[in-house]
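Novice: Pasted the sequence and its predicted model underneath.
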Amino acid sequence: MDHNGAYHDEDGKRKDMNDNTQRSNTRKNPSRPLMAFTGGGSGGHVFPALGVLDELGSDFSRKYRLIWLGSSGGIEERIVTEQGINFKGLPAGKLRRYLSLRNLFDALKFFSGIVLALLYFLKNRPVLLFSKGGFVSVAPVIAAGLLGIPVISHESDVDPGLATRINRRFTKVQCIPFPESARFYPAGLRVETTGNPVRKDILRGERSQGLKIAGFDGTRPVLLVQGGSLGARQINSFIREHREELLAHMDIIHQTGEKDSQRLSSTEDFQGYFARPFFSREYPHILAAADLVLSRSGAGSLWELGITGKPSFFIPLTEGARGDQMRNARYAEERGVARVFHQKDPGCKGLDELAGALITAAGDAELRKTMALPWSEVVHPHGGRNIAEIVREFLPEEEV
Ligand SMILES: CC(=O)N[C@H]1[C@@H](OP(=O)(O)OP(=O)(O)OC[C@H]2O[C@@H](n3ccc(=O)[nH]c3=O)[C@H](O)[C@@H]2O)O[C@H](CO)[C@@H](O)[C@@H]1O
């Protein structure tokens, strides 16, 4: 990729950043060494790896074939193939924390995932496996560990998820977001505080483009409401309840997720309200148009809102989750860059205070500036570069 953000294909032809084949690696050339990636279950387990690939650059994509091992039909398959990266689907169950007959089927899927990954690796011998976590990553990581293929693992959250905890036995280097996260890993494992990688497109969004997509004229402050890669029912209910009150003070762009999109976008005739299930290539422009953001506190969103300096209001996902989003959100709030709201957690402001807080911030540009300023002390844009340096340590010398 050159400094203008354009890529060059194998014949040296320049490609625009909006070209779907920008990371194109689908041309088969078996003589090139293979680098494998794994992870999935949500966008948060895929998008950060694109930030690492951006830093490895077009030279790397010319010299290496890339393969992503994920669950067939999962969100990772769509994101990765959209980026022109080869995808291999593996059977992957869910890791449930309760008894269910489905656990038996999922255990079978899990073991067949290990066998399939072993067979794939034996045949194709990748030089390295980069794991972005999520349960689907466990089988390939175990297979790589058994075959002595080096594994670099990256965890985006303050504390590791179950997949990362299992994977660390097979991992050569564990990359973490914050220095405070190191305490969750055993002594003897090489742990590197790299930060979280963010895909470069995120910094290339244009406000005017975002306003155009939403059909807004930019005279009123814009609130972006987003629920992570899958949408968020609780946030959607909040917006349904308070939409008219909020629309009296601001325009709203709302990423609803697929499940709620019908219910919310059927009422799209509200003036100043624009809803879509998911923003794909437009997302950086949509983010650039936002003056303030109401969001889940997945680690991916947290870093992207941070490096683009957005005043942020979080409703962490807690139902059925291990509490990672609450810890991410609190980490940001303690450092003064976000406000955290929750229905049940007594340590947070209640949702009944949220509409008022958003209206106050929308009407006060100085307050928004004060809220956004300390972000640069919490996150940084070098996560991808830091991880790319570690990746290079493991590549055969003549290929780097
Ligand atoms: C339900 C679940 O397990 N959530 C986890 C998941 O978050 P999840 O994937 O839901 O959310 P994240 O905030 O981490 O990532 C969302 C990603 O989606 C992208 N985006 C979002 C909206 C949109 O319209 N278009 C778009 O491209 C954002 O740019 C971002 O990169 O992984 C995170 C990182 O491991 C964890 O912290 C979360 O706890």
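Specialist: Nice, I can see it.
Novice: Check this structure for its longest strand and report it.
Specialist: Longest strand in the chain by number of residues, with DSSP state E as the criterion: strand 65-71.
Novice: Now do that strand: which elements does it pack against?
Specialist: Packed against strand 65-71 by the contact rule (3 or more C-beta pairs under 8 Å, 6 or more residues apart in numbering; DSSP states H and E) you find strand 34-38, helix 75-82, strand 86-90, helix 102-124. Every C-beta, even on glycine, is put in place using the N, C-alpha and C of the backbone.
Novice: For Lys88, see how far away the closest residue to Leu90 other than its chain neighbours is.
Specialist: Among residues not flanking Leu90 along the chain, Gly113 sits closest, at 4.5 Å (C-beta to C-beta, 6 or more residues apart in numbering). Separation of Gly113 from Lys88 (C-beta to C-beta, to the nearest Å) stands at 11 Å.
Novice: Arg243 too?
Specialist: Using C-beta to C-beta, Arg243 is found at 43 Å from Lys88.
Novice: Asn196 too?
Specialist: 25 Å.
Novice: again with Gly43
Specialist: Distance of Gly43 to Lys88, given as C-beta to C-beta: 19 Å.
Novice: who has more neighbours, the two?
Specialist: Between Gly43 and Lys88, counting by other C-beta atoms under 10 Å, Gly43 is the more crowded of the two (20 against 17).
Novice: Can you read off the pLDDT for the more buried one?
Specialist: Note on Gly43: pLDDT of 84.
Novice: surely it meets Glu77?
Specialist: No. Counting by C-beta atoms under 8 Å, Gly43 stays clear of Glu77, with 12.0 Å between them.
Novice: picking up where we left off before, now do the longest strand of the chain: distance to the chain's middle.
Specialist: In terms of C-alpha atoms, centre = their mean, to the nearest Å, the centre of strand 65-71 is set 17 Å apart from its chain centre.
Novice: What lies in contact with that strand?
Specialist: Among residues not part of strand 65-71, those counted as contacts by C-beta atoms under 8 Å, 6 or more residues apart in numbering are 23, 25, 28-30, 32-41, 46, 53, 76-77, 80, 85-92, 117, 120, 124, 126, 136, 140.
Novice: likewise stretch 383-394?
Specialist: Counting by C-beta under 8 Å, 6+ apart, 35, 48, 51-52, 54-56, 127-128, 130, 150, 152, 154, 172-173, 175, 177, 192, 194-200, 303, 400 sit against stretch 383-394.
Novice: anything in it near the ligand?
Specialist: No. Applying C-beta under 6 Å from any ligand atom, one finds stretch 383-394 separated from the ligand by no less than 12.3 Å.
Novice: That stretch - what's its average pLDDT?
Specialist: Stretch 383-394 carries an average pLDDT of 97.
Novice: Helix, strand, or coil at Val293?
Specialist: Classification of Val293 using DSSP: H, G, I helix; E, B strand; the rest coil returns strand.
Novice: how many other residues sit next to it?
Specialist: For Val293, the count of nearby residues is 23 (other C-beta under 10 Å).
Novice: mind listing the helices for the protein?
Specialist: With DSSP state H, the ranges of helices along the chain come out as 47-63, 75-82, 102-124, 138-147, 162-167, 207-214, 233-247, 258-265, 283-289, 299-307, 324-334, 354-362, 365-372, 383-393.
Novice: any chance of these in JSON lines, plus mean neighbour count?
Specialist: As requested, the helices of the chain are exported to JSON lines (neighbours: other C-beta atoms under 10 Å):
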{"stretch": "helix 47-63", "mean neighbour count": "22"}
{"stretch": "helix 75-82", "mean neighbour count": "20"}
{"stretch": "helix 102-124", "mean neighbour count": "15"}
{"stretch": "helix 138-147", "mean neighbour count": "23"}
{"stretch": "helix 162-167", "mean neighbour count": "20"}
{"stretch": "helix 207-214", "mean neighbour count": "18"}
{"stretch": "helix 233-247", "mean neighbour count": "17"}
{"stretch": "helix 258-265", "mean neighbour count": "16"}
{"stretch": "helix 283-289", "mean neighbour count": "22"}
{"stretch": "helix 299-307", "mean neighbour count": "26"}
{"stretch": "helix 324-334", "mean neighbour count": "22"}
{"stretch": "helix 354-362", "mean neighbour count": "18"}
{"stretch": "helix 365-372", "mean neighbour count": "14"}
{"stretch": "helix 383-393", "mean neighbour count": "19"}
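Novice: Any idea which of the ones you listed gets closest to Arg276?
Specialist: Proximity to Arg276, assessed across the helices of the chain by C-beta to C-beta, is greatest for helix 258-265 (7.3 Å).
Novice: Wait, Gly309 touches Ala372, no?
Specialist: Yes. Counting by C-beta under 8 Å, Ala372 is a contact partner of Gly309 at 4.4 Å.
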